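Asker: Let me see the structure of the following:
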Amino acid sequence: MTVNTREFEGLQIPAAGTYELDAAHKRVGFVAKHLMVSKVRGQFAEASATIVVAENPLESSVTATIKAASIETGQVDRDNHLRTGDFLEAEKYPTLEFRSTGVKSHAGAEFVLDGELTIKDVTKPVELVVEFEGAATSPYGQHVFGFSATTEIDREDWGLTWNVALETGGVLIGKKIKIEIEGEAVLQA
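Answerer: A predicted model of the protein is given here:
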């Protein structure tokens, strides 16, 4: 079976079309500093995204929705706290949203994507560094491509300011949050 790709500046990229994030092959994760000395990793179990690969790949776009209540860090009490008004306020704001606003630059398989991230009722610009991982045809005949993306945000920019001062100096939770996304996108018929 042939792979549905085309050449773009030395890369074999996906054919133009609308792709959906494969729920079985994705991770929307994050890393936060804890006690100023270690890292806590977590993820959102429920997320969806539509990626429109344009004829001119530099005009491609992404929209994504993440379910706030699906946050998981491996510790139930912490997860429940992250869902409260101290952080995501998941009942009032059930989703986090991302919308790309343009491809800022690219070099080889790395694309820098400008966009807007909405958490609670705050929308701020973010820059995602996206690595195109390749395209393939699955054993089921689906045309897919893989990608990973990262960015770092200051959670306080979105009003996520809850914290505890430590007796030894510093704070319980760092302000900087690294976002790590990996996935496969499937061409829609």
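
Asker: centre of the chain versus stretch 180-189, how much separation?
Answerer: 12 Å (Cα atoms, centre = their mean, to the nearest Å).

Asker: Which residues does that stretch contact?
Answerer: 4, 14-15, 17-22, 25-31, 49, 51, 128, 142-150 (Cβ atoms under 8 Å, 6 or more residues apart in numbering). For the C-beta atoms, the positions are set from N, CA and C on the backbone; glycine is no exception.

Asker: For the helix or strand where Asp79 lies, give the mean pLDDT please.
Answerer: Element membership for Asp79 (DSSP states H and E) is helix 76-82. For helix 76-82, the mean pLDDT works out to 92.

Asker: And stretch 125-136, by the same measure?
Answerer: For stretch 125-136, the mean pLDDT works out to 95.

Asker: Give me the buried subset of the contacts of stretch 180-189.
Answerer: The neighbour-count test (16 or more other Cβ atoms under 10 Å) marks 4, 14, 17, 19, 21-22, 26, 28-31, 49, 51, 128, 143-147, 149-150 as buried among the contacts of stretch 180-189.

Asker: that older thread, which helices and strands sit right next to the helix holding Asp79?
Answerer: strand 38-44, strand 71-72 (3 or more Cβ pairs under 8 Å, 6 or more residues apart in numbering; DSSP states H and E).
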